[in-house]
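In: any chance you could fold what I've pasted below:
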Amino acid sequence: MGNSQSPPANPRFTSASRAFAPKELEDLKSLFTSLAAQSNSNTQYISSSVFQAYFGLKGPLGDRMFDLATQGRKDDKLTFEDIVITKGIYEKGTNDEIEEFIYRLLDVTNGEIVSRSDLDSVLVTMFNHIFHREGSESGSSSHCYMVDTFLNAATFSKDHEGHNEKSMSFEDFKSWCTLVPSVKKFLASLLVPPDPGRPGSQVPKLQHLENIDSSILLLRDEYAWHIGGAVSQEEVEEWKLLYHSSLNGLSFNTFLGNVLNDDGPSVLIIKDREGYVFGGYASQPWERHSNFYGDMKSFLFQLYPKASIFRPTGANGNLQWCAVNFSSETIPNGIGFGGRVNHFGLFLSAGFDQGHTFSCTTFNSPCLSKTSRICPEVIECWGVVRKGMEQEKQDVVKGTVLERFKEDRHMLNMVGIANASE
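Out: Numbers count the residues shown, from 1 in each chain. Predicted structure coming up:
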């Protein structure tokens, strides 16, 4: 007599299912049924090719994700249980579980270690995916310089018997993720249906006058994507050029005049004579103060020769600095971020001809250049455009004489001559 009992439920599937709302499971089942039909499997499983095509995954990264999702069975069959278990860990798990999954994902050669070549392969795949869709050139060569800058921020400290080359430990990986949040956002969103709003794939639209030769600009799409990984989604839609030293001259007053009417966050980028490229994200407008100001959304960054983000640690509130026309040595005129007076994390003097960068606890950042003293070669500032802000600014420009007077007076305050008492 035959056994009519159903096979026992997979405990991992049962546990993972509890992380989803009933509607989410229904939607996931509908998606599975659709992709399984495309796989010609009588709705039993999804093939690797259909899986990778739907989620926009290609090459070693797509192969590795499918291998992890099918628990290494090598049968080219992704079941409904597989996808629920995978998304249950990868999207619904604890932060440690998600990071552990992404760490395993980086092992694209399945060698049980994460080597520099593994990371190189993953980054090439990422850049080709992100910037090909954005209309940039495809092919690894066009993004080779950016791959190197991200690799330069990584640490490989794990020894292996019989191997000369060290690999990336899990702790190395977690530290790297804090420096390159855009990478983590992308790798944590691979099972989200691909669209322009997919986390980790958004590249700010860079706006500047048409007659500007884009080759003189420091901010490239890849750099903007890197910086954008540390800000909110509404702040990565569009950035507009406010100031460029090659166009406007190395002038502090011109800089202040150009950024005056921009009330939102801004991105300050510097290339010094050593060839290093770095800067800071100013979450508050540049306004005249005799002390530090700002909020915890500001941060410092490196772009070349390594790509790193340094967020506030909470150690102090010394976030932004903007001093104009002060005569006291204890209030150095110029703009800066972090650290303390005369020992900033990043500082540009009011002459815009020199500055410095020291390690600081404000952002847990190192010296951003080759040496602590910096001699700027190019200075660039971009304004972050937020929805609704542009129309408000246009209304102010077209406003009353009183509104224009307030705007002019604000400029006088910036340069410290509005009131004799100042």
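
In: which residue is the nearest non-sequential neighbour of Asp67?
Out: Asn110 (6.8 Å; Cβ to Cβ, 6 or more residues apart in numbering). C-beta here means a position set from N, CA and C on the backbone, and glycine is covered the same way.

In: count of neighbours near that neighbour?
Out: The tally of other residues near Asn110 (other Cβ atoms under 10 Å) stands at 14.

In: my guess is it contacts Arg64, does it?
Out: Yes. Between Asn110 and Arg64 there is a contact under Cβ atoms under 8 Å: 7.2 Å.

In: can you check the pLDDT for the residue nearest to Asp67?
Out: If you check Asn110, the pLDDT there is 87.

In: regarding it, what is its secondary structure?
Out: Taken by DSSP: H, G, I helix; E, B strand; the rest coil, the conformation at Asn110 corresponds to coil.

In: okay, now the sheet partners of the helix or strand Glu380 falls within, with direction.
Out: Using DSSP states H and E, Glu380 sits in strand 376-385. According to DSSP bridges, strand 376-385 forms sheet pairs with strand 238-244 (antiparallel), strand 266-272 (antiparallel).

In: out of those strands, deepest packed?
Out: Mean neighbour counts were taken over the strands paired with strand 376-385 using mean count of other Cβ atoms under 10 Å, and the top value, a mean of 23, falls to strand 266-272.

In: chain center to it, what's the gap?
Out: Here strand 266-272 is found 16 Å from its chain centre; the criterion is Cα atoms, centre = their mean, to the nearest Å.

In: same for the helix or strand just after that strand, what does it pack against?
Out: With elements assigned by DSSP H and E, the helix or strand that comes after strand 266-272 is strand 277-282. Packed against strand 277-282 by the contact rule (3 or more Cβ pairs under 8 Å, 6 or more residues apart in numbering; DSSP states H and E) you find strand 266-272, strand 299-304, strand 343-349.

In: now strand 277-282: average pLDDT?
Out: Averaged over strand 277-282, pLDDT sits at 98.

In: okay, now the sheet partners of that strand, with direction.
Out: When DSSP bridges is applied, strand 277-282 pairs with strand 266-272 (antiparallel), strand 299-304 (antiparallel).

In: that older thread, okay, the helices and strands packed on strand 277-282 in a markdown table with mean pLDDT and distance to Gln202 next?
Out: Formatted as a markdown table, the helices and strands packed on strand 277-282 follow (pLDDT from 0 to 100; distance: least, Cβ to Cβ, whole Å):
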| stretch | mean pLDDT | distance to Gln202 |
| --- | --- | --- |
| strand 266-272 | 98 | 15 |
| strand 299-304 | 98 | 17 |
| strand 343-349 | 98 | 26 |
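
In: out of these, which comes closest to Ser115?
Out: strand 299-304 (23.6 Å; Cβ to Cβ).

In: now do the strands in the stretch 101-250 of the chain.
Out: In the stretch 101-250 of the chain, the strands defined using DSSP state E, counting those that start in this stretch lie at 158-160, 163-167, 205-207, 238-244.

In: now the helices for the stretch 51-200 of the chain?
Out: Under the criterion DSSP state H, counting those that start in this stretch, the stretch 51-200 of the chain contains helices at 59-69, 80-90, 95-105, 116-133, 144-152, 170-179, 181-187.

In: now render these as a markdown table, adding mean neighbour count and mean pLDDT.
Out: Listed next are the helices of the stretch 51-200 of the chain as a markdown table, based on neighbours: other Cβ atoms under 10 Å; pLDDT from 0 to 100:
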| stretch | mean neighbour count | mean pLDDT |
| --- | --- | --- |
| helix 59-69 | 19 | 94 |
| helix 80-90 | 20 | 95 |
| helix 95-105 | 16 | 94 |
| helix 116-133 | 20 | 88 |
| helix 144-152 | 18 | 90 |
| helix 170-179 | 17 | 96 |
| helix 181-187 | 22 | 94 |
